[in-house]
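K.L.:
3D model of this:
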Amino acid sequence: MAVSLYAICGGEAQPHPGIGLGGQTLRVIRSAGLGALVSDNPAASRPGLGEAELWQHERAIEELMAANDVLPVRFGETLESESAVRAMLESRREEFEAALRRIAGACELSVRAAWREDTPTGAPQSGTSYLAARADAESRAEALARQLQRRLAPFSRASRLRRVPQPSFTLACAFLVARSMVSGFMAEVGRVDSEVSDTTLVCTGPWPPYSFVQSDRAHA
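P.N.:
Here you go, the predicted model:
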């Protein structure tokens, strides 16, 4: 029977009693010293993309993460059988073991920074003014990114930063943070937020370490 895949974990991990997608019971398939959190997928198809299904997938991962290191799998991944899951664990054992060592004892925290629009609403901008405004926004984003990395580096192991230019300029950051450092990390974000002007910082998490499943070299 086909299975829905939620996360990769150590072979000793025990699943939190719960229900996965489609009302199916969660369980761990083990091989090569690793485990995969799965549930049956009788339809052998990708689940619907509704909000309820997305959160059900996320809850299954977070419940396992409460007591274990996990490599979260993106929503909708399926394999055709338990044998296929075991074959995946065996063929990718070294990759998964390295990733589990990298994220051991850690979680992901997200920091988003948004700027208020500086553009006057009364008259349309010229092309030159628009380009100047965008260049200024990019410059501010780069400066804040450097500041966040410098200030949050003592509280985190790694970071991923992404600038989102539309519709309003936003800086999206993900940090890999040891669970013991979460409160200190959040407090430091609060201090940075109080020091910057025209910018709002929002910190969310802890989340499963989606952004850090791959190594720096493999990450696009």
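
K.L.:
Which secondary structure elements does the helix or strand harbouring Gly190 sit against?
P.N.:
Secondary structure assignment for Gly190, by DSSP states H and E: helix 182-195. Taking 3 or more Cβ pairs under 8 Å, 6 or more residues apart in numbering; DSSP states H and E as the contact definition, the neighbouring helices and strands of helix 182-195 are strand 106-115, helix 127-152, strand 199-207. Yep, even glycine has a C-beta here, placed from its N, CA and C like the rest.

K.L.:
out of those, deepest packed?
P.N.:
Ranked by mean neighbour count under mean count of other Cβ atoms under 10 Å, the helices and strands packed on helix 182-195 are led by strand 106-115, which reaches a mean of 21.

K.L.:
Phi first, then psi, for His57.
P.N.:
In this entry, His57 is assigned phi and psi values of phi -60, psi -50 (degrees, to the nearest 10).

K.L.:
how far away is the residue nearest to it when sequence neighbours are not counted from Arg146?
P.N.:
Spatial nearest neighbour of His57, chain neighbours left out: Phe75 (4.7 Å); criterion: Cβ to Cβ, 6 or more residues apart in numbering. Between Phe75 and Arg146 the computed distance is 33 Å (Cβ to Cβ, to the nearest Å).

K.L.:
Could you do Arg59 as well?
P.N.:
With distances defined as Cβ to Cβ, the gap from Arg59 to Arg146 amounts to 36 Å.

K.L.:
try Leu34
P.N.:
If you measure Leu34 against Arg146 using Cβ to Cβ, the figure is 38 Å.

K.L.:
just Ala60 next, same as before
P.N.:
From Ala60 across to Arg146, the span is 37 Å (Cβ to Cβ).

K.L.:
now swap in His57 and tell me
P.N.:
From His57 over to Arg146 the distance is 35 Å, taken as Cβ to Cβ.

K.L.:
Please apply the same query to Thr170.
P.N.:
According to Cβ to Cβ, Thr170 and Arg146 sit 17 Å apart.

K.L.:
hmm, back to that, need the residues that contact the helix holding Gly190.
P.N.:
With contact meaning Cβ atoms under 8 Å, 6 or more residues apart in numbering, helix 182-195 is reached by 107, 109, 111, 147-148, 151-152, 155-156, 175, 177, 199-201, 203, 205-206.

K.L.:
Buried residues, stretch 24-39. List them.
P.N.:
Along stretch 24-39, these residues count as buried under the neighbour rule (16 or more other Cβ atoms under 10 Å): 24, 26-32, 34-39.

K.L.:
Now the two most distant members of those.
P.N.:
Greatest spatial distance among the buried residues of stretch 24-39 (Cβ to Cβ): Gln24 and Ala32, at 24.2 Å.
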